[in-house]
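S.K.: sequence below, structure please.
(one chain, ligands or ions: 1)
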Amino acid sequence: MVLVPLHPSAARPAGMSAPSDAEPKAALVSAPVITTTSSIDKPLINLLRGWPAPSILPVAQLNAATADVLADQSVVVDSLQYGPDAGFQPLRESLASYLSQVFSAYDVPNDPNRICITGGASQNAACILQSFTDPAYTNCVWVSAPCYFLMCPIFEDSGFAGRLRAVPEDDEGINVEALERGFREFEPPAQPGTGGPYKTNLTPDRKAYRHVVYVVPTSSNPSGSSMSAKRREQLVRVARKYDALLIADDVYDFLQWDVPRADAVLANKQGSVALPPLLPRLVDVDRMLPRDDEDEETEKKYQGKQFGNAISNASFSKIVAPGFRTGWVEATPAFAYGLAQTGSSKSGGAPSQFGAATIAVLMRTGELDRYLRETVRPTLQWRHRLLTQAVQEHLSEFLEIKCGGLPSGASAEVTTYGGYFLWLKLRRTDISAAAVSKLALSVENLVIADGKLFEVKGDEKSAQFDDHIRLCFAWEDEDKIVEGVQRLARIFRDWDALQEKGLPSTGALEFK
Ligand SMILES: Cc1ncc(COP(=O)(O)O)c(C=O)c1O
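M.R.: Here you go, the predicted structure:
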C-alpha cells in the first residue's frame, strides 16, 4: 500500500513554504513543455526527464547569493571579468575544503591545486578529451553499459565516432575482466590521419592517454547502482596497467540517502537527511593506492608528471541548478593544471565565472550544505520511496526493480540509494521496452525512457537493454509520479488487448 498523501500541497519540499508574492516569479515558472503528437485527453506525465523539479530550485538562496556578489566590492569585478584558467579561486578553495571534510575518511587533501572549475560535467568531458586524448593515439572510449547516453555524442565529436565500446556491468559495477580483455585485444580501425600522435601541442602540461574509460561509479544514470569498493580498486589497478584515464562522472555523489525498510512507516518527508557514509571516489582510490614500479614506469614513459589515472568530473547541475552550467574536476595537481591549459579556457579563463562566484557564496555561508540536507535529499528520498512503493504495488507483476528497492523483512538492513532514477527489468520476455514506451505515450500520454536509449552508440549489440525501462522520480510532482506508475500498469494489464488493436504511432520526443 502507498503510505503517502497524494494531495499536491504535500508535494512541497520540507522547509519550503507556499510561494508568496515576495518570491521571485522565476520560482513559479515551469520548464518547457514536451511536445508530442499524443491526442489523449490527459495531462502529460514525463518520467523520462532527468531534471530537478522546479519546486526545488534554490531560487531564494540564489537571489541572496547573487546580490551578495554584486554588492561585494572585493569580488564583483573579478566575478564579472575574464578569470583565471583554473577558475574562480575562492570557489576552488571552498571546494577543496568541503571535499576534504566530506571525504575525510579517505584523507582527501585540502588543496585547491587539485581543483579546476569547469562548465559542468558534459562540457568538461569535451575539454578532457581535447587535452588528454589524441584520436591518432588513444585507442577508444570504453563506456560502462547501460550508459548516460548524452555523453556518447561528446565522445564522437572528439574524434571517437565508431570507437565507443560498451563494457557490461554486473552487480558490483563495470566488468573489469571484460575491460582488460578489451584493452588487450582492441585494434584501432585504420583511419585517415592515424598512425601516430598528431596533437604535438599537448606536452609538457598534458598528455594523451592510451585509453579512456567512462563510468558513473555512484548512483548511476540510468541503473541507480553504485560500484563496490573492491571493484573501484580493481578498476584503478587495471587503468594504471594500460595507461587508461578513468573519467568518473560524479554528479550524484551528494544525492545519496538512507533507504528505510519497507515496513518503516514514514508519515511524511524527513526534515533533514544527512549523507550516508560514502565510498571512496575513483580519484581517492588512485591517490591512496600505492604505485608499484611498473605503474611508475608507465607514468614516466608518458610524461614524467603525475597526471594519475582517475579524475572526478563533478557538477553543480544537480546540487544547485543545471542552468548554471558550472562544475569542477578533482584530480592530481598536474592533471588539474593541464586541464586548465585547454584552449577554450586559455581564452578568457575557466567557464562560468559569475556562476562560480555565486556558488562560492552558497558554499562559504553553508547555504549549499543546508539546502542539500533540508530540501534536496529529503525530497529525493521521499520521492524515491513513493515511486518504489507505487512500483511494488502496481507493477511488480510486470517489472523487477533491479536496484534501489525498499529493503523488506525483519532482518533487512537500511541500505543506501541515490540519484534520480529507478531501473526496471521487464518480466515478460515477449514484450519490448520500446513498444511499451510507444504505447505509454499514445494511450496514456506518459513518457518513459526505454532501455535502448542507454545502449552505447555504435556498439549497441555488445550490451542490449530493450528489456529495461528507466523512471525518473526527480522531475514530476509527487502525485504525478504515482499516477504515472498507475498509467504504466494499465498498459501492461491491457497489453494483449492493445496488441490486437495494433500499435498507435507516436511523434518525436525530446529525449532529455
Ligand atoms: C550521469 C550524468 N552526467 C552528467 C550529466 C549532466 O551534467 P552537467 O549538467 O554538469 O553537464 C547528467 C545529467 O543528467 C547525468 O545524469
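S.K.: apart from its neighbours in sequence, what residue is nearest N110?
M.R.: By the measure of CB to CB, 6 or more residues apart in numbering, the closest residue to N110 outside its immediate chain neighbours is S100, 4.0 Å from it. For every residue, glycine as well, the C-beta is placed using N, CA and C.
S.K.: assumed that neighbour was part of a helix.
M.R.: Yes - using DSSP: H, G, I helix; E, B strand; the rest coil, the assignment for S100 is a helix.
S.K.: was I right about it contacting P109?
M.R.: Yes - proximity of S100 to P109 meets the contact threshold set by CB atoms under 8 Å, at 6.4 Å.
S.K.: at the contact with the ligand, which residues of this structure appear?
M.R.: The chain comes close to the ligand at residues 50, 120-122, 148, 216, 221, 249, 251, 315, 317, 322, 327, as judged by CB under 6 Å from any ligand atom.
S.K.: what's near enough to touch G50?
M.R.: By CB atoms under 8 Å, 6 or more residues apart in numbering, the contact set of G50 is 221, 420-421, 472, 474-475, 512.
S.K.: just give me the longest helix of this protein.
M.R.: Within the chain, and with DSSP state H defining each element, the longest helix by residue count is helix 377-394.
S.K.: so how far is it off the chain centroid?
M.R.: 19 Å (CA atoms, centre = their mean, to the nearest Å).
S.K.: swap in stretch 101-108?
M.R.: 21 Å.
S.K.: got it, and stretch 253-262?
M.R.: Here the centre of stretch 253-262 is set off from its chain's centre by 16 Å, with CA atoms, centre = their mean.
S.K.: same question, stretch 489-505
M.R.: On the basis of CA atoms, centre = their mean, stretch 489-505 is displaced by 33 Å from the centre of the chain it belongs to.
S.K.: helix or strand: which one has N313?
M.R.: Under the criterion DSSP states H and E, the helix or strand holding N313 is strand 310-315.
S.K.: name the residues that touch the next helix or strand after that strand?
M.R.: For strand 310-315, the succeeding helix or strand toward the C-terminus, using DSSP H and E, is strand 327-330. The set of residues that contact strand 327-330 without belonging to it, under CB under 8 Å, 6+ apart, is 87, 91-92, 95, 99, 114-121, 123-124, 128, 251, 281, 283, 311-317, 335-336, 339.
S.K.: name the element the closest residue to I117 other than its chain neighbours belongs to?
M.R.: Taking CB to CB, 6+ apart as the measure, I117 lies nearest to G87, with 2.3 Å between them; neighbours along the chain are not counted. Taking DSSP H and E as the criterion, G87 maps to no regular element, lying outside all helices and strands.
S.K.: pLDDT value on G87, please?
M.R.: The confidence metric pLDDT takes the value 98 at G87.
S.K.: again with D157
M.R.: Among the per-residue scores, D157 holds a pLDDT of 97.
S.K.: does it touch C127 like I think?
M.R.: No - contact status for D157 versus C127: not in contact, 12.0 Å apart, counting by CB under 8 Å.
S.K.: got a list of what S144 touches?
M.R.: By CB under 8 Å, 6+ apart, the residues touching S144 are 167, 169, 173-174, 213-216, 220.
S.K.: so it, which state does it fall into?
M.R.: Taken by three-state DSSP, the conformation at S144 corresponds to strand.
S.K.: any idea how far it is from the ligand?
M.R.: In this view, S144 and the ligand are 11 Å apart by CB to the nearest ligand atom, to the nearest Å.
S.K.: on that earlier part again, list the residues that contact the residue nearest to N110.
M.R.: If a contact means CB under 8 Å, 6+ apart, then S100 has 108-111 as its contacts.
S.K.: next: L275.
M.R.: L275 sits next to 102, 254, 256-257, 377 when contact means CB under 8 Å, 6+ apart.
S.K.: what's the farthest-apart pair in the residues you listed?
M.R.: Largest separation among the contacts of L275 by CB to CB: V102 and W257, giving 14.5 Å.
S.K.: neighbour count for those two, which is higher?
M.R.: Higher neighbour count among V102 and W257: W257, with 22 against 15, using other CB atoms under 10 Å.
S.K.: beta-bridge partners for the more buried one, please?
M.R.: Judged by DSSP bridges, the bridge partners of W257 are Y417.
S.K.: what residues are up against it?
M.R.: By CB under 8 Å, 6+ apart, the contact list for W257 reads 273, 275-276, 377, 380-381, 384, 416-418.
S.K.: just name the closest of the residues you listed to the ligand, please.
M.R.: Closest approach between these and the ligand, by CB to the nearest ligand atom: G418, at 11.7 Å.
S.K.: on that earlier part again, more neighbours, D157 and C127?
M.R.: Set side by side, D157 and C127 show more neighbours around C127, with 24 against 12, by other CB under 10 Å.
S.K.: name the residues that touch the helix or strand in which the more buried one is found?
M.R.: Under DSSP H and E, the secondary-structure element containing C127 is helix 121-132. Contacting residues not belonging to helix 121-132 are listed as 118-119, 150-151, 154-155, 157-160, 202, 206-209, 212, 214, 245, 247, 249, 251, 307, 311, 313-315, 317, 325, 327, 329, 335, 338-339, 341-345, 351 [CB under 8 Å, 6+ apart].
S.K.: hey, C-alpha coordinates of stretch 288-298 in CSV?
M.R.: Once side chains and other backbone atoms are set aside, the C-alpha atoms of stretch 288-298 remain, and they are given as CSV (Å, rounded to 0.1, in the frame of the first residue of the first chain):
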residue,chain,number,x,y,z
MET,A,288,45.6,6.2,-1.9
LEU,A,289,46.7,3.1,-3.7
PRO,A,290,50.5,2.8,-3.7
ARG,A,291,52.0,2.7,-7.2
ASP,A,292,54.2,-0.2,-7.9
ASP,A,293,57.4,0.0,-10.1
GLU,A,294,55.5,-0.9,-13.2
ASP,A,295,52.9,1.9,-12.6
GLU,A,296,55.7,4.4,-12.0
GLU,A,297,57.4,3.3,-15.3
THR,A,298,54.2,3.8,-17.2
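S.K.: now that stretch: mean pLDDT?
M.R.: Mean predicted lDDT for stretch 288-298 stands at 80.
S.K.: how far away from the center of its chain is it?
M.R.: How far stretch 288-298 lies from its chain's middle: 30 Å, per CA atoms, centre = their mean.
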